[in-house]
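> heads up, no residue letters with this:
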């Protein structure tokens with residue numbers, strides 16, 4: 001799911017017709033993918049079950065491979081539901097949880113090596129923050145304008161009067177994304 005709508009992008013670009021709607025939709029999806037790769041996060045939560053093995057454990061704490069917005073079910077490796085009173089989500093002031101700590105006991109490992117199955121909504125938040133929506137619109141607009149450009153990734157030489165396109169992600173989009181960028185492996 002793209003972080004912005006075709007309508008938002010068309011408003012930003014000043015486009016009133018619908019002849020480019022398919023292209024604009026594809027560019028929004030590409031911009032969303034670029035944002036996700038750049039930051040290391042997904043900003044609109046999706047529901048899924050994730051299965052974890054022993055390498056995600058440290059004593060009684062299961063470290064998740066992505067941010068968890070909300071939990072539907074936590075089960076052991078065999079698929080037996082663990083009561084919500086038997087674990088706490090970390091950090092305690094979430095959402096954007098990154099670990100599950102058992103209150104008493106340890107995670108039991110199944111014969112296949114699984115130690116936990118976590119079902120819930122995964123991502124930064126239920127819906128993307130407003131600045132991420134803007135970054136998506138701005139980046140998709142940049143990609144749209146590139147389709148008619150004759151040059152790509154050319155360094156600027158203002159003293160020579162050369163008009164060029166910026167390299168990579170536009171600087172204003174990069175400023176927005178930099179505050180969300182994951183610095184190391186765990187969320």
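It's in. Only a predicted model underlies this, so the values are computations on that prediction, with no experimental measurement involved. Residues are numbered from 1 along each chain as shown.

> was I right about residue 76 contacting residue 102?
No: using C-beta atoms under 8 Å, residue 76 makes no contact with residue 102, being 10.1 Å away. Every C-beta, even on glycine, is put in place using the N, C-alpha and C of the backbone.

> Between the two, which contacts overlap?
Counting by C-beta atoms under 8 Å, 6 or more residues apart in numbering, the common neighbours of residue 76 and residue 102 are residue 82.

> Walk me through the domains of the chain.
Domain ranges of the chain: 6-42+128-178, 46-122, per automatic domain parsing.

> Could you export these to TSV, including columns for mean pLDDT and mean neighbour count?
Converted to TSV, the domains of the chain look like this (pLDDT from 0 to 100; neighbours: other C-beta atoms under 10 Å):
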stretch	mean pLDDT	mean neighbour count
domain 6-42+128-178	86	15
domain 46-122	90	15
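
> quick one, what contacts the residue lying closest to residue 103 once chain neighbours are set aside?
Closest residue to residue 103 in three dimensions, ignoring its sequence neighbours and counting by C-beta to C-beta, 6 or more residues apart in numbering: residue 86, at 5.4 Å. By C-beta under 8 Å, 6+ apart, the contact set of residue 86 is 102, 103, 104, 105.

> Secondary structure of residue 131: a strand, I assume?
No: counting by DSSP: H, G, I helix; E, B strand; the rest coil, one finds residue 131 to be helix, located in no strand.

> where along the protein do the helices fall?
Along the chain, counting by DSSP state H, helices occupy 6-13, 21-39, 130-146, 171-178.

> Look up how far residue 177 lies from residue 33.
Using C-beta to C-beta, to the nearest Å, residue 33 is found at 13 Å from residue 177.
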